[in-house]
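Visitor: just the structure for this:
(one chain, ligands or ions: 1)
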Amino acid sequence: MDLELSPRHLEFRDECRSWLAANKPARPLRSMDTAAGFEEHREWERVLFDGGWSVPGWPASYGGRDCDLIEWLIYEEEYWLSGAPGRVSANGVSLLAPTIFNFGTQAQQDHFLPKMASGEHIWAQGWSEPGAGSDLAAIATRAIRDGDHYVLNGQKTWCSRGAFADWIFCIVRTDPEAERHAGLTYLLVPADAPGLERRPIGRLDGEPGFAELFFDDCRVRVDNVLGEEGQGWAVAMAAAGSERGLNLRSPGRFMAAAERLTELVRTLRAEQREIDPRRRDEVTDAWIRAQAYRWQTYATAARLMDGAELGSEASLMKVFWSELDLELHATALRLLGDRGELAAGAPDAVDGGRWLDGYVFALSGPIYAGTNEIQRNIIAERVLGLPRR
Ligand SMILES: Cc1cc2nc3c(=O)[nH]c(=O)nc-3n(C[C@H](O)[C@H](O)[C@H](O)COP(=O)(O)OP(=O)(O)OC[C@H]3O[C@@H](n4cnc5c(N)ncnc54)[C@H](O)[C@@H]3O)c2cc1C
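Guide: Numbering: from 1, shown residues only. Model (predicted):
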């Protein structure tokens, strides 16, 4: 086993690093869950695209660099270590794009992929409903065929940045008579479709990006179906693998947080603050776990490049990264003590209040992308082979 990067990979890493150092925004952008911050993040997507760095793993013909998985992991590490902004395009690039590459027609690929890569189309995920979260097959939003359109009626919820997105990838019920998983269809819905209303969900931080969607005789063209009508479950599950596993949360994000954690220890020492010895073990553990996730992911990437499938292992990775994220942020808050409660903008907030912000977001990690309880059920049944209850 060779754990060193090859000269080609080192050169690639240096290229990413110097481009990001020269081009990343000078100041943090506003939150992408606000209207103004959303547009600032869209502009950053355009800068990335113009530099050839928005979707390095895609084919060059769609704006990428044809990077392999190892190069993509290196890029992600450099991206997060550079402190560049979060990706407002993540849902589209990580969750929808693999599905379009797998199931899209040539016309759909040619139309949607370049616009996604450049940030012209920012996508949101419209899967969850008030009665369908973990039990996604209970989706009740109906899409009934009327000529060359579907007519949609129903409600979606918990739609991240759904208030501002340009397009929403939905799962809808096209055959109300069919049993659960059958009768579902994967549909690409323009956010300005007549009959679609988007309402922000009141969040504690007051930011309005998270939305509910209401379809009231909303008409969507039939050629926006991804895959075949009635095959929505299979199409959606292909994307769920990307979400839980490699694509949505690469190790770079957690390695960057682990580096910030060690930097925080240095800062506290420089300020001659007393550090509880128990915190030393917690920092070390969190840092080691971030490294473990990194090496596990590299090993998985190498296997995928040899033709293996990700499968249920994605659930193991999802549980690991979501719990690691919480551990990293909770450790930082414990180190900071009272100062950890200072939010962004407070004069004495350490690291711009990012640890508190990050902690609050990390709390949702065990819920989104399929709850960790559900992932543990999948691991028990499909990885460990335990009997179904
Ligand atoms: C920050 C955030 C962003 C999100 N963004 C999006 C988005 O952009 N688009 C989208 O479509 N959805 C999004 N979601 C929704 C998310 O996918 C759902 O919250 C999640 O799938 C759980 O569904 P639910 O909320 O309906 O909870 P429920 O399914 O009602 O579950 C409630 C509790 O019961 C547990 N439970 C349920 N069934 C079982 C079982 N069989 N065995 C053991 N335990 C079980 C769950 O683990 C959970 O703890 C987001 C959620 C969050 C928190």
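Visitor: residue in the stretch 201-350 of the chain nearest to the ligand?
Guide: Phe210 (6.9 Å; C-beta to the nearest ligand atom). From N, CA and C alone the C-beta is placed, and that goes for glycine too.
Visitor: swap in the stretch 51-200 of the chain?
Guide: Counting by C-beta to the nearest ligand atom, the stretch 51-200 of the chain gets nearest the ligand through Gly133, at 1.8 Å.
Visitor: what about that residue, how many neighbours?
Guide: 17 (other C-beta atoms under 10 Å).
Visitor: pLDDT at it, what is it?
Guide: On the pLDDT scale, Gly133 is placed at 95.
Visitor: torsion angles phi and psi at it?
Guide: phi -120, psi -90 (degrees, to the nearest 10).
Visitor: repeat that for Leu136.
Guide: The phi/psi pair for Leu136 (degrees, to the nearest 10) is phi -60, psi -30.
Visitor: doesn't Gly126 make contact with it?
Guide: No. With contact defined as C-beta atoms under 8 Å, Leu136 and Gly126 do not form a contacting pair (11.9 Å).
Visitor: so who does the residue lying closest to the residue of the stretch 201-350 of the chain closest to the ligand once chain neighbours are set aside touch?
Guide: In this structure, Phe210 finds its nearest non-sequential neighbour in Ile201, 4.7 Å apart by C-beta to C-beta, 6 or more residues apart in numbering. Each residue near Ile201 by C-beta atoms under 8 Å, 6 or more residues apart in numbering is listed here: 157-158, 210-212.
Visitor: in JSON lines, list those along with neighbour count and secondary structure.
Guide: Putting those into JSON lines (neighbours: other C-beta atoms under 10 Å; DSSP: H, G, I helix; E, B strand; the rest coil) gives the following:
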{"residue": "Thr157", "neighbour count": "20", "secondary structure": "strand"}
{"residue": "Trp158", "neighbour count": "20", "secondary structure": "strand"}
{"residue": "Phe210", "neighbour count": "19", "secondary structure": "coil"}
{"residue": "Ala211", "neighbour count": "25", "secondary structure": "strand"}
{"residue": "Glu212", "neighbour count": "19", "secondary structure": "strand"}
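Visitor: turn those residues into CSV, including distance to Val283 and pLDDT.
Guide: Shown next, in CSV, are these (distance: C-beta to C-beta, whole Å; pLDDT from 0 to 100):
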residue, distance to Val283, pLDDT
Thr157, 38, 98
Trp158, 33, 98
Phe210, 32, 97
Ala211, 37, 98
Glu212, 40, 98
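Visitor: excluding residues flanking it in the chain, which one is nearest Tyr62?
Guide: Using C-beta to C-beta, 6+ apart, the nearest residue to Tyr62 is Leu113, at 4.3 Å.
Visitor: burial of that neighbour, as a residue count?
Guide: 25.
Visitor: pretty sure it contacts Trp58?
Guide: Yes. At 7.1 Å, Leu113 counts as touching Trp58 under the criterion of C-beta under 8 Å.
Visitor: okay, and the common contacts of these two?
Guide: Ala97.
Visitor: now the strands for the protein?
Guide: 123-126, 142-146, 149-159, 167-173, 184-190, 196-200, 211-221, 225-226 (DSSP state E).
Visitor: so which bits of the longest helix along the chain are buried?
Guide: Longest helix in the chain, counting residues (DSSP state H): helix 277-305. Using 16 or more other C-beta atoms under 10 Å as the test for burial, helix 277-305 gives 282-283, 286-287, 289-290, 293-294, 297-298, 300-301.
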